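K.L.:
one predicted model, sequence on top.
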Amino acid sequence: MLRKAITWLACSSFILVSCVTPQTSTNVGPGFSSTVKDKSQKAAELAAAQYQGPKLDIIVPVFDPGLPVDENDYEEEGIWPELRRAEANRFAVKLKEALERTGAFGAVRVTPDTTATGDLYVVGRIDESNGEEVAISLQVSDISGELWYEERYDHEVSEQFHIDIRNKGLDPYQPVFDEAAEELVEELEDFDFAELEQLQSLAEIRFAANFSEEAFAEYLEVDGDEITLISLPSDADPMLQRIRAVRIRDQLFVDGLQTHYEEFNVAMEESYALWQEQSLQEVKAQREAEYEAMGKAILGVLAFGLAIAAAAAGANTGSAGTSAAANTGAIIAGVGGAALIADSFRTSKEAEFHRDSLEEMGQSINIELGPQVVEFDETTEEITGDAAEQFAQWRAFLKRMYDLERTPAKKL
């Protein structure tokens, strides 16, 4: 960008010098605008206090880290993949905590993906996170497949945030999660209680259909991506009672995952808070370095332009003394312009150094999940892999246990 700007300015200078009466118009520096949403948590709590309806269970899958498809774009966009993947877990936990504080919902669970069963799904993506600016996009839908809304939340962190001692221990990104929670509480008011209660029933039957489709499909009507509950089995139905027992175990397993996500979030807390503060300073320093480089380049090109103009003016006077003086001035201006341009490239290297510093910090954060032994009806099994793999293995284990239990023993 800097080199293109220098080339453009150089061409402009030569064009200006060729005119009898040069006129210049400059507009240095990019325009910048951002939407800062800074609604307080008290507003969310007030909205929740006004809501007295059914408390839906929410699934918050680990965020999409928002990584470019082409890995070559990581550096250009200032993205460090390991840090973003760690943030994807952290952001899901932060949103879960914000939703829980409203008191308007039932269980709020972070999960590896959307395969877990809940009444509502809040699927997030990280659009920006550099210590100074944070932006997330959320898609909220229910168990029927109906999309409630999509929204983007932005916040710009003030440099004063880290200076104010009253903010010690607080997350500078918190406003985006608080606002997202508040909006979801407000969205509940658009539904009557019967609709929300039906979502809870639908969630139970859809969970049941995952284990015995032939037994529970009759209660569901499928239309494309949307599923409607058309009837309910009797509460005394033995298969439904068995499914409810299985679902409790499934929820307990997902509740156990919460400990993993929360411990990971706590483990990265100190390092991440330091990264946020230092990254804010690095981004600011990088921007100032780029502006400084741009300014020096502009001055250098203008100095070259003045040198050319002085030489041209001296040549047009016809006086040997005047021409010599003009040429001397042109040489001095030209040398000064060259020095400024060279200095601008050195300053660009300084900006690159700041980017490298951020990359080094980002690579220091990772996530791990160890193997664990699961149990159901006195049958145990070890599951391994990351959270998504373990959850898939757990569901497969539950399905085997359900099928085994409902298969009658054969007498020999």
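P.N.:
Great, that's in hand.

K.L.:
the domain parsing of the chain - what is it?
P.N.:
For the chain, the structural domains run 41-282, 372-406, going by automatic domain parsing.

K.L.:
present the ones you listed as TSV; the columns should include mean neighbour count and mean pLDDT.
P.N.:
Heads up, the C-betas are built off the backbone N, CA and C, glycines and all. Listed next are these as TSV, based on neighbours: other Cβ atoms under 10 Å; pLDDT from 0 to 100:
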stretch	mean neighbour count	mean pLDDT
domain 41-282	17	91
domain 372-406	14	85
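
K.L.:
hmm, who's touching stretch 112-119?
P.N.:
For stretch 112-119, contacts defined as Cβ atoms under 8 Å, 6 or more residues apart in numbering pick out 56-59, 61-62, 106-107, 109, 121, 123, 142-143, 196, 199-200, 203, 206-207, 210, 247, 250, 254, 257, 386-388, 391-392, 395.

K.L.:
and those, which of them are in helices?
P.N.:
Counting by DSSP state H, the part of these found in helices is 196, 199-200, 203, 206-207, 210, 247, 250, 254, 257, 387-388, 391-392, 395.

K.L.:
ok, so of the residues you listed, who is nearest residue 264?
P.N.:
Using Cβ to Cβ, residue 387 comes nearest to residue 264 of the ones in helices among the contacts of stretch 112-119, at 9.7 Å.

K.L.:
roughly how far apart are residue 105 and residue 92?
P.N.:
Shown here: residue 105 relative to residue 92, a distance of 15 Å by Cβ to Cβ, to the nearest Å.

K.L.:
ok, now residue 107?
P.N.:
With Cβ to Cβ as the criterion, residue 107 and residue 92 are 14 Å apart.

K.L.:
swap in residue 179?
P.N.:
Distance, residue 179 to residue 92, by Cβ to Cβ: 16 Å.

K.L.:
now do residue 399
P.N.:
With Cβ to Cβ as the criterion, residue 399 and residue 92 are 26 Å apart.

K.L.:
same check, this time on residue 244
P.N.:
When distance is defined by Cβ to Cβ, residue 244 is 27 Å away from residue 92.

K.L.:
got it, and residue 57?
P.N.:
With distances taken as Cβ to Cβ, residue 57 is found 15 Å from residue 92.

K.L.:
kindly report the same for residue 202.
P.N.:
Remark: distance between residue 202 and residue 92 (Cβ to Cβ) = 24 Å.

K.L.:
repeat that for residue 178.
P.N.:
Distance of residue 178 to residue 92, given as Cβ to Cβ: 15 Å.

K.L.:
could I get the full set of helices for the stretch 101-250 of the chain?
P.N.:
Along the stretch 101-250 of the chain, the segments classed as helices by DSSP state H, counting those that start in this stretch run 174-188, 193-211, 213-216, 238-317.

K.L.:
next, format the ones you listed as a markdown table and append distance to residue 66.
P.N.:
A markdown table is the format used below for the helices of the stretch 101-250 of the chain (distance: least, Cβ to Cβ, whole Å):
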| stretch | distance to residue 66 |
| --- | --- |
| helix 174-188 | 14 |
| helix 193-211 | 29 |
| helix 213-216 | 35 |
| helix 238-317 | 16 |
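
K.L.:
so which of those helices comes closest to residue 168?
P.N.:
Minimum separation from residue 168 across the helices of the stretch 101-250 of the chain (Cβ to Cβ) falls at helix 238-317, 9.7 Å.

K.L.:
verify the stated contact: residue 92 with residue 123.
P.N.:
No - using Cβ atoms under 8 Å, residue 92 is not in contact with residue 123; the gap is 9.8 Å.

K.L.:
dump the residue contacts of residue 211.
P.N.:
243, 246, 398, 399, 402, 403.

K.L.:
closest one of those residues to residue 88?
P.N.:
Distances from residue 88 to these, taken as Cβ to Cβ, are shortest for residue 398 (26.2 Å).

K.L.:
OK, contacts around that closest one?
P.N.:
Applying Cβ under 8 Å, 6+ apart, the residues near residue 398 are 211, 246, 249, 250, 376.

K.L.:
do the same with residue 139
P.N.:
By Cβ under 8 Å, 6+ apart, the contact list for residue 139 reads 122, 123, 124, 147, 150.

K.L.:
if we go to 6 Å?
P.N.:
Residue 139 makes contact with 123, 150, according to Cβ atoms under 6 Å, 6 or more residues apart in numbering.

K.L.:
beta partners for it?
P.N.:
Taking DSSP bridges as the rule, residue 139 bridges to residue 123, residue 150.

K.L.:
from residue 80, how far out is residue 71?
P.N.:
Distance of residue 71 to residue 80, given as Cβ to Cβ: 12 Å.

K.L.:
now residue 229
P.N.:
With distances taken as Cβ to Cβ, residue 229 is found 45 Å from residue 80.

K.L.:
swap in residue 191?
P.N.:
From residue 191 over to residue 80 (counting by Cβ to Cβ), the distance is 41 Å.

K.L.:
what does residue 192 give?
P.N.:
Counting by Cβ to Cβ, the gap from residue 192 to residue 80 is 46 Å.

K.L.:
now swap in residue 131 and tell me
P.N.:
Distance, residue 131 to residue 80, by Cβ to Cβ: 12 Å.

K.L.:
give me the nearest residue to residue 56, chain neighbours excluded.
P.N.:
residue 119 (3.8 Å; Cβ to Cβ, 6 or more residues apart in numbering).

K.L.:
for the one you found, what are phi and psi?
P.N.:
phi -80, psi -40 (degrees, to the nearest 10).
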